[in-house]
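Asks: Sequence and predicted model, in that order:
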Amino acid sequence: MADLGIDFEDEDDVPFQPSSPPDPPHHLTLDEPQLMHAVLSGTLTDQGQSSPELMTDESDTAFEQQQGLQLPETYLEGSDGYVDVVADDAEPMAMTREMTPEELEDDELIIDESLTPIERMSMFVKSNEIVHRLLVARELPISLENMSTPEAVNLALPMVQALSKDVDDTVRETFVVELDKIIMYYYRNAPPIIDQDTRRHDITSIESQTPTPNSTIETEMTETEKDEDEMQEDSNSDNAEPNDLPDVSSGPSPATKMISSPSVEASHTSEDKMNSYHIPLHIFSNILIELLIDQNSNLASLAQQCIVSVVYQLTSIASGDTATENESISPSQAQKLLDDEIVDGIINGLLSIAGRIKTALYESSRGENGSQSSVGSPDSQNNNQKAVFQMSDDIDQGEINLCKMVSLSLIASLASYLGEERCTKIFMPIVEEMAKDNVFYVRKEAAGAIGSIATVVNQEFVIEKLLPLYESFSKDTIWHVRRSATLTLPILCGVLPMDLRTKLAVDGVELFMNDVSRNVRNMLAEIIGELITKFLPEGWEESRQPGEVPIVLIEFFLSLGAHASNKQAFKMDSDRAIICAFNFPAVAFTAGVDLWDTHLKDTYLTLTKDYQIKVRRTFAYSLHEIARIIGPDRTEHDLVQIFALYLMDLDEVKQGVLEHLSDFLAALAPSSRDEYIPILAEVWDGVMTNWRLRDILAGQLKDISLLFDPTRVVEHIVPLALRACQDEFASVRETGVSCFPTLLEIVKQAVDENQQDTKDDASSEELDDNTPVELLGHIMERVDEFARSERFRNRMVFAQISKALLDAGISAWDFHSFFLPRLDMLASDLVVNVRIAVARAFKTVCEDDEMRQALVNLDTTKEDTIRHSRPLEEILLTLALDENKNVQTFVIQYVDPEVLSQRQQERALEAISTAAANHHDQQPPGTPMDYSSGEDEDDVHQATVHQVELSELPLASPNLAEGSQSDFDVHTIDFAKDTLADPQEAFVELKPTLDDVDDDNEEEEFIYRPSTPVESSDSN
């Protein structure tokens, strides 16, 4: 067992599953695929750029530092990133260690401009540096697209074989991640010639191809090459060299001659006749087999993922799902590739290693006279049933069992893609024979494979073939096999008729719940929820009808949480409570509301108060689903108390309720729903310490508002939206802004519906404060407060609300009458962040041609006496002439360039005139310091610098700011925060000038004026 890398001491092993692709190696930075491609193509050095940071496996020294004599400048990593070091300073560091001849040779690969990309790749594959081989492994699919077909077959194919046999696991893992793209490239451009004489089911060829116990599939070599290869395998260590490749100029390598496959040279012979290039048959099958049976489990998982990806693409082509006009592989060719490369090449190849199939298991594809027959023909079925697996004494038993396991795992993964015919005629005989194997973990994989086959074949086949196998697996003497059979139980029940489904489920639960193995019982607990859902009727998604579940299954499910109130001493008991909580909504829906009062309620209410946070958190996320299932009355009676408790629970639990707050309120009766809306303000106060929960609650306001009438919306929900818009966190403010289109639409719709009634009742009685018109006016007053607020953040919120309403489709009249005048005022705001927000809103206007034209029409039709703002084009021009480029960017493309240029010239002339007019009022040469006493100068330097928030500064018109310019001067300002779109509260420091130091009787008044950063002398 140790040879397989499998440890059976712990019973808690899991089925074979493909893992995710590996992370990039820690010693290599591959963040720039284009940069790597430039290295391989040789264009990087031509452009005078430095090569990427390449790290060797022996040292952490950067590759550029090894190139210190050749590069014009060196980059050293520091605390602030990379700083430039001139070549003269870098040269002594590069010379601290003498470079070996191998390193010098590797360096010449990059700087040698005479090498073509394919020659450079060939040299990189033979390089001793791992990073070079990693580059080729990662970039080979892209490079293939830039090669001709002869180059891909003659030169790149040996590289593929070399990378698959690389001595470093990292290189091979990187290679396997890209292998599916490489395989599909060759299938499209140089597909193998499928010849029935070369199939693996030829007995003589199989016996001559039996691999040695070292689990590698040997290539056909000369005796000298074999001796060299054996010497290399004996010296397999950390210092092993990568496989040598022939020079590019020497033609195809003997290494491309794979077993049971014609060589590349033979393919070229056929090319002379057919005027095309073809890869050898099964060349990729052999590569994948080596990877599948590798002792590196991660590598084997990646190889299985590669096979699934290739099969998926081929089946899509064969079924016509892929557009045929853009696909070079025909559907019939895709079917042949599936049969010969995948089924015959990989699965049968694994079985030939495992058992030396001496009877014609795969003779189904060839008749008695040697002609090819269909997979599903009667002759092929009879031949398949005669298959007998006979073990060979000269093959390592561990490798045999590993090949069996891998083949069964592949069958389980590929059954849904390869279809019913292949499953019944090819895969099923293999599974039946493996079910009799003496090794229990082979039987375990066979038990898992019958579940995958059951989802593809018809009902009759399941009853006749698969159920007997399941029965034998469920009573196996080894618990691993019985646990695998437990996993198969829900799948089989899902494809059986109702009578057999009920019997199989009840018998299975009664059998496994009393199993002697704790692992089998725990597995039953994990699948019981899925098993119960198999009793839902057809079309339950639309009808929402429950099913008829055997009471035995319900009782076992409820037993998982029967003792959850006590603090369990065993970890698995606590896990059972979590499993029960997770599956409770599905079980409750399948069982129906009739079993709520009699069976489900007591266990549910007990588990909702469990001491484990995970259990309560799970119920918090599904509370609204249970409310939908049991109805409004039972929800109010049984769940409202749990709802209130979870709102006062820990944040992890509270988050689950808040994320579905609107769904839970929707499950309540409308009469009782109004009683719970006032608690929203208390809930907001309870999450003041967690901004993420406030953000979640603010996001629910939009859906909650749809459940109530306009009066309650304005009374309870609008105040929360306003609080969200004034939150200290930008994310919460943005979420609050997104609520206003819905809130205004609800109230405005009520205004439109009651407009006629309002006109009829206006003459007889006065309107109260709760009419839709009054409610709409109340909201607009609160929105107007944002535009006139002293805090710049609030003024930004008004611009953001305007943009949100524009995105929601506000009418041109409403926008022109209310929002446009206020945006016009904010277009000249003193804070650049506000002007940026305004520019974004007007960009939204300009992107909608109908809205822009409607606003222009309103500008021209309204009289000057009733117009409340400048025309739209004037506002856009003002923003385009803004001194900040961040403001200009949003609107400058929507302004007439000629008008903009003319206005810029006018401003320049006005500035010159102003400067000339002020020239006569200037003081004599010198500074105010020259005409003040030394005491005044000391007072200025010792004056206290006042630091105030921008929101504390009083609003002032541009004229007022200019009039105050001689009194106070802005001493320091954080320009980075002032220009960001949404920074935290910016600060400004104000310092009095000389004229104010002596004036102690007057009260100081600080007026904020926007300043522009002064360029340093260094930049000039």
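Replies: Received, thanks. Numbering: from 1, shown residues only.

Asks: now the chain, which segments are flagged as low pLDDT?
Replies: Within the chain, the segments meeting pLDDT under 70 span 1-113, 195-275, 322-326, 355-396, 563-574, 755-770, 861-868, 919-1020.

Asks: Could you point out the helix or strand that follows the longest helix belonging to it?
Replies: Looking across the chain with DSSP state H, the single longest helix is helix 397-422. Where DSSP states H and E defines the elements, the next helix or strand beyond helix 397-422 is helix 428-434.

Asks: what angle do whichever helix or strand comes after that following helix and helix 397-422 make?
Replies: Sequence-wise, the next helix or strand downstream of helix 428-434 (DSSP H and E) is helix 440-454. Relative orientation of helix 440-454 versus helix 397-422 (axes from the mean of the first three to the mean of the last three C-alpha atoms, to 10 degrees): 10 degrees.

Asks: So which bits of the next helix-or-strand element following helix 440-454 are buried?
Replies: Once helix 440-454 ends, the next helix or strand along the chain (criterion: DSSP H and E) is helix 459-461. Of all the residues in helix 459-461, those buried under the rule 16 or more other C-beta atoms under 10 Å are Phe461. For glycine as for every other residue, the C-beta is placed from the backbone atoms N, C-alpha and C.

Asks: Output the contacting helices and strands for helix 459-461.
Replies: If you count contacts as 3 or more C-beta pairs under 8 Å, 6 or more residues apart in numbering; DSSP states H and E, helix 459-461 packs onto no helix or strand.

Asks: Next secondary structure after it?
Replies: With elements assigned by DSSP H and E, the helix or strand that comes after helix 459-461 is helix 467-474.

Asks: quick one, what contacts Gly699?
Replies: When contacts are counted by C-beta atoms under 8 Å, 6 or more residues apart in numbering, Gly699 touches Thr735, Ser738.

Asks: Can you name the helix or strand that it falls in?
Replies: Element membership for Gly699, per DSSP H and E: helix 691-705.

Asks: what's the answer for Pro741, then?
Replies: Assigned by DSSP H and E, Pro741 belongs to helix 730-753.

Asks: right, and the helix or strand after the helix holding Gly699?
Replies: helix 710-712.

Asks: got the angle between the next helix or strand after that following helix and helix 730-753?
Replies: Once the chain leaves helix 710-712, the next helix or strand it forms, by DSSP H and E, is helix 718-725. Using the same axes, to 10 degrees, the direction of helix 718-725 lies 150 degrees away from that of helix 730-753.

Asks: Contacts for helix 718-725 next, please.
Replies: Residues from elsewhere that reach helix 718-725 (C-beta under 8 Å, 6+ apart): 680-681, 684, 694, 697-698, 701, 732-733, 735-737, 739-740, 743, 778-779, 782, 786, 794, 797, 801.

Asks: and what of stretch 742-755?
Replies: With contact meaning C-beta under 8 Å, 6+ apart, stretch 742-755 is reached by 701-702, 705-706, 709-710, 713-714, 717-718, 721, 771-773, 775-776, 779, 805, 808.

Asks: Now, of these, which are buried?
Replies: Buried among these by 16+ other C-beta under 10 Å: 701-702, 705, 710, 713-714, 717-718, 721, 771-772, 775-776, 779, 805.

Asks: any idea which of those residues is the one closest to Val125?
Replies: Nearest to Val125 among those is Lys702, at 58.1 Å by C-beta to C-beta.

Asks: Surely the closest one and Gly736 touch.
Replies: No. The pair Lys702 / Gly736 is not scored as a contact, 10.1 Å apart, by C-beta atoms under 8 Å.

Asks: by how many degrees do the helix holding Gly699 and helix 718-725 diverge?
Replies: 150 degrees.

Asks: Return the set of buried residues in helix 691-705.
Replies: Under the neighbour-count criterion of 16+ other C-beta under 10 Å, helix 691-705 has 693-705 buried.

Asks: Show me which of those is closest to Leu524.
Replies: Ranked by distance to Leu524 (C-beta to C-beta), those are led by Ile696 at 36.7 Å.

Asks: can I assume that closest one is in contact with Val657?
Replies: No. Applying C-beta under 8 Å as the test, Ile696 and Val657 come out as separate, 9.8 Å apart.

Asks: which neighbours do the two share?
Replies: Residues touching both Ile696 and Val657 (C-beta under 8 Å, 6+ apart): none.

Asks: What are the boundaries of the helices in the stretch 751-900 of the chain?
Replies: For the stretch 751-900 of the chain, helices defined by DSSP state H, counting those that start in this stretch occupy the ranges 755-762, 772-787, 792-808, 812-814, 820-826, 832-847, 849-861, 872-880, 885-891, 897-917.

Asks: who wins for proximity to Gly631 among these?
Replies: Proximity to Gly631 (C-beta to C-beta) singles out helix 772-787 among these, at 32.6 Å.

Asks: show me the contacts for Gly448.
Replies: Pro15, Leu408, Ser409, Ala412, Ser484, Leu487, Thr488 are the contacts of Gly448 under C-beta under 8 Å, 6+ apart.

Asks: Contacts for the one helix or strand Ala588 maps to next, please.
Replies: Using DSSP H and E, Ala588 sits in helix 571-591. With C-beta under 8 Å, 6+ apart as the contact definition, helix 571-591 has outside contacts at 518, 522, 525-526, 528-530, 532-533, 535-536, 546-547, 549, 554, 557-558, 560-561, 563-564, 568, 596, 599-600, 603-604, 607, 610, 612, 614-615, 618-619, 622, 625-626, 629-630.

Asks: now the angle between helix 397-422 and the helix or strand where Ser316 lies, please.
Replies: Assigned by DSSP H and E, Ser316 belongs to helix 297-319. Orientation note: helix 297-319 sits at an angle of 20 degrees relative to helix 397-422 (the same axes, to 10 degrees).

Asks: And helix 297-319, what does it pack against?
Replies: The contact analysis (3+ C-beta pairs under 8 Å, 6+ apart) places helix 297-319 against helix 169-177, helix 179-189, helix 283-292, helix 331-337, helix 397-422.

Asks: Between the helices of the stretch 751-900 of the chain, which one is closest to Val462.
Replies: The closest of these to Val462 is helix 792-808. By C-beta to C-beta, the value is 53.7 Å.

Asks: Can you list the buried residues in the closest one?
Replies: Residues 792-806 are the ones in helix 792-808 that count as buried (16+ other C-beta under 10 Å).

Asks: got the contact list for Thr635?
Replies: Thr635 neighbours (C-beta under 8 Å, 6+ apart): Ile626, Ala627, Ala667, Leu668.

Asks: I'd like those residues laid out as a markdown table, including secondary structure.
Replies: Below are the contacts of Thr635 laid out as a markdown table (DSSP: H, G, I helix; E, B strand; the rest coil):
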| residue | secondary structure |
| --- | --- |
| Ile626 | helix |
| Ala627 | helix |
| Ala667 | helix |
| Leu668 | coil |
